[in-house]
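> quick one, what's the 3D model for this:
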Amino acid sequence: MPPSRRQFSAALGLAAVGLTAGVPGPASAQVQVRPWPADRPTPPLALRDLQGRTVALAPFRGKVMVLNFWASWCEPCVAEMPSLLRLAERGAAQGLAVLAVNYQEGDAKIRSFLDTVLGEVPDALPVLLDRDGAAARAWTPRVFPSTVLIDRNGRPHTTVVGELDWTGAKADTLLAPLLAAAPR
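This is a model prediction of the structure:
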């Protein structure tokens, strides 16, 4: 199914800020890193996963969270997905949790995408279903991919807009202070 007008607008927004996969140079050079506004409250999040279970943020308190918003039609999302899986696999021992929030796609489409891109539907990278797009509207500037880094206290810290190698130096620089901090 082709992207909706809203999805097309989000893709155009991505292109307008130079975050498309076709732009030359390393992905991390094109990413925008924004602090979460101090006066902006933490939006609620309770979404179903591919197994039908409801996943909320509260059980992750005490862990650093990487909350990635993506869609299968988004080329930069496709490019960064393998590094998100590797981050999830290696970060668990450090108290890191990675959640991949899919934007308005059906289960069959998501499973097919994960099988194609990752070779499986991974246990290490839970996929949450943002069926109506409300979570993306609440958490992101509606540009894909967008990732929110959440500290151990459950407070959003940073928004990363654009494709990032989540196993690279830029990601390490963003995550290290959050992983080093103890929960309050």
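> how about stretch 36-43 as PDB, C-alpha atoms only?
The C-alpha coordinates for stretch 36-43 follow below in PDB (Å, rounded to 0.1, in the frame of the first residue of the first chain):
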ATOM      1  CA  TRP A  36      14.000  17.300  25.300                       C
ATOM      2  CA  PRO A  37      12.400  20.600  26.400                       C
ATOM      3  CA  ALA A  38      12.600  20.900  30.200                       C
ATOM      4  CA  ASP A  39       9.000  22.200  30.400                       C
ATOM      5  CA  ARG A  40       7.600  19.500  28.200                       C
ATOM      6  CA  PRO A  41       6.000  16.700  30.200                       C
ATOM      7  CA  THR A  42       6.600  13.000  29.400                       C
ATOM      8  CA  PRO A  43       3.800  11.800  27.100                       C
END
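> who touches that stretch?
57, 135, 138-139, 148, 154-159 (CB atoms under 8 Å, 6 or more residues apart in numbering). Bear in mind the C-beta positions are built from the backbone N, C-alpha and C, glycine included.
> which of those residues are buried?
Buried subset of the contacts of stretch 36-43 (neighbour count, 16 or more other CB atoms under 10 Å): 57, 135, 139, 148, 156-159.
> which one in those residues is the model shakiest on?
Here the lowest pLDDT out of the buried ones among the contacts of stretch 36-43 sits on residue 57, with 95.
> correct me if wrong: residue 101 contacts residue 128.
Yes: Residue 101 lies in contact with residue 128 (CB atoms under 8 Å); the separation is 4.7 Å.
> joint contacts of these two?
47, 135.
> roughly how far does the spatially most central residue of the chain sit from residue 184?
Nearest to the mean C-alpha position of the chain, by CA atoms, centre = their mean, lies residue 68 at 0.7 Å. Counting by CB to CB, to the nearest Å, the separation of residue 68 from residue 184 is 25 Å.
> any weak-confidence spans in this protein?
1-29 (pLDDT under 70).
> next, the buried residues of the longest helix seen in it.
For the chain, the longest helix by residue count, based on DSSP state H, is helix 75-91. For helix 75-91, burial by neighbour count (16+ other CB under 10 Å) applies to 75-81, 83-88, 91.
> that older thread, how about residues contacting the helix or strand where the residue nearest to the centre of the chain lies?
Taking DSSP states H and E as the definition, one finds residue 68 inside strand 64-70. For strand 64-70, contacts defined as CB under 8 Å, 6+ apart pick out 45, 57, 77, 80-81, 84, 87-88, 91, 94-103, 130, 135-136, 139-140, 144-152, 166, 175, 178-179.
> show me where this protein has its strands.
32-35, 46-49, 54-56, 64-70, 96-103, 127-130, 146-150, 156-161 (DSSP state E).
> what packs against the shortest one?
When you say that, I think you mean strand 54-56. strand 46-49 (3 or more CB pairs under 8 Å, 6 or more residues apart in numbering; DSSP states H and E).
> and the strand it packs on, what does it pack against?
strand 54-56, strand 127-130.
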